[in-house]
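In: sequence below, structure please.
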Amino acid sequence: MNRVPNIFASQLFLLPLCLFFSLITVFLSISPAFGGEITGPEVTIRNNELYVNTELSLDDKNIQDLRNGMKKEFHFFIDLYRVWGMWPDEFISGRQFIQKLQADPVKTEYVATSNDGAISTKKRFKSFESMLQWALSVENIYVANIHNLEPGVYYVRVTVESKIRQLPPVIGYFMIFVKETEFTIQKSSPSFTIGQAK
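Out: Numbers count the residues shown, from 1 in each chain. Presented below is the predicted three-dimensional model:
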């Protein structure tokens with residue numbers, strides 16, 4: 001009579017144990033990575049409009065992952081800040097881009113998608129290098145009209161986040177315990193003055 005409940009209880013005990021070992025496996029499989037390096041950002045002002053150029057150079061591990069067919073998703077944040085001496089710097093304006101890359105080593109196909117929240121562009125490339133150049137270079141991106149800005153000292157900060165590969169559905173329920181990004185890197189431009197800074 002008591003045998004069935006005891007078997008059921010032992011199975012309930014094994015479930016959390018299996019989930020625990022699954023989480024440990026995920027943690028061990030996500031190795032720490034520096035990710036890459038940001039070039040720039042370079043700020044240009046033309047006709048009272050502020051534009052930014054920047055580029056992400058991936059490290060060897062991420063390049064090899066891409067060559068082996070792993071999908072990668074990079075989130076670019078390009079933000080304009082005003083410098084305050086006694087207060088935290090003030091966020092003024094920003095742009096965000098999501099760049100998705102995938103290489104098929106068997107078919108030698110290279111596909112990248114760029115999405116800025118309004119327009120999504122998908123392109124196919126003949127070479128791995130041309131895909132990287134197109135997807136990881138941000139050129140002449142409009143950030144703000146300086147005519148509407150208060151005089152002061154400003155800078156542009158570029159942040160790049162690499163999202164981790166998609167996890168198994170069961171692990172997805174425990175995302176609170178698992179990092180969502182492989183790496184996050186930041187780099188700021190030199191400060192520049194708009195108008196007559198106080």
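
In: ok, the spatially most central residue of the chain - contacts?
Out: Residue closest to the average C-alpha location in the chain (CA atoms, centre = their mean): residue 161, at 2.2 Å. Neighbouring residues of residue 161 by CB atoms under 8 Å, 6 or more residues apart in numbering: 74-75, 77, 181, 183-184. All C-beta spots, glycine's among them, are computed from the backbone N, C-alpha and C.

In: next one: it from residue 89, what distance?
Out: As judged by CB to CB, to the nearest Å, residue 161 and residue 89 stand 20 Å apart.

In: so which residues of this structure form helices?
Out: Counting by DSSP state H, the chain has helices at residues 3-29, 60-67, 128-136, 169-172.

In: count of residues packed around the closest residue to residue 83 other than its chain neighbours?
Out: Closest residue to residue 83 apart from its sequence neighbours, by CB to CB, 6 or more residues apart in numbering: residue 153 at 4.3 Å. Counted with other CB atoms under 10 Å, residues neighbouring residue 153 total 16.

In: any idea what residue 153 is bridged to?
Out: Counting by DSSP bridges, residue 153 is bridged to residue 193.

In: can I assume residue 187 is in contact with residue 157?
Out: Yes: the pair residue 187 / residue 157 is scored as a contact, 7.4 Å apart, by CB atoms under 8 Å.

In: what's the overlap in contacts for the two?
Out: By CB under 8 Å, 6+ apart, the residues touching both residue 187 and residue 157 are residue 41.

In: contact partners for residue 138?
Out: If you count contacts by CB under 8 Å, 6+ apart, then residue 138 has 52-55, 76, 78, 97, 158 around it.

In: give me that answer again for 7 Å
Out: Residues in contact with residue 138, defined by CB atoms under 7 Å, 6 or more residues apart in numbering, are 52-55, 76, 78, 97.
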